[in-house]
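Peer 1: Output the structure for:
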Amino acid sequence: MGLTAKEKRAATEVTAPRYQKAKKNQKGIILEEFAALTGYNRCYAAYLLRIQGKKRYIDRNTVIVADSGKKRVKPRMRFYDELVITVLVQIWLIMDCLCGKRLAPMLPEVVPLLKKHKEITLDKTTKNAFLNIFFAPMLPWFVAYSIIFSMPYASYP
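Peer 2: Numbering: from 1, shown residues only. Okay, the predicted model is just below:
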């Protein structure tokens, strides 16, 4: 049985300074030992040993120290604001939980009809957002709301 993640991280922290100070011929030996110990691929093991403890200067006051255990998570870009999402869910429920792949092309036709019959209320910016809406960003919202409403989500045919 291999090492746990914490043990691998500890091995990286111990081995990295020795690897960074070693000459080229010594680095190969250290890398072989480390790869055998952790079970990592040689390339990935060399990468971990290289970046461990390195400082990155973003500006004069900000310094980031690399750590093999921490990964940077980029926040997801929001496609639509809360108003668009609530109206989109209303339309989705009116259309009997139609899948997003089929709903997206129908929105330019359905939105004016629903607005005419006073099922939904929209301002100009929200209406423009609906005319430019596409399928991919809608999918997570429909899956989430189908779970909340305990409805089976209609997926791809």
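Peer 1: any idea how far the residue of the chain most remote from its centre lies from residue 32?
Peer 2: Within the chain, the residue lying farthest from the chain centre (CA atoms, centre = their mean) is residue 25, at 39.8 Å. Distance, residue 25 to residue 32, by CB to CB, to the nearest Å: 12 Å. C-beta: built from backbone N, CA, C; applies to glycine.
Peer 1: domains for this structure, by residue range?
Peer 2: Under automatic domain parsing, the residue ranges defining each domain of the chain are 5-65, 82-148.
Peer 1: now those domains in CSV, with mean pLDDT?
Peer 2: Shown next, in CSV, are the domains of the chain (pLDDT from 0 to 100):
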stretch, mean pLDDT
domain 5-65, 88
domain 82-148, 76
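Peer 1: Take those and lay them out in TSV including distance to residue 75.
Peer 2: Formatted as TSV, these follow (distance: least, CB to CB, whole Å):
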stretch	distance to residue 75
domain 5-65	17
domain 82-148	15
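Peer 1: closest to residue 74 out of these?
Peer 2: Minimum separation from residue 74 across those (CB to CB) falls at domain 5-65, 14.9 Å.
Peer 1: Run the chain-centre distance for that closest one.
Peer 2: Relative to its parent chain, domain 5-65 has a centroid offset of 26 Å by CA atoms, centre = their mean, to the nearest Å.
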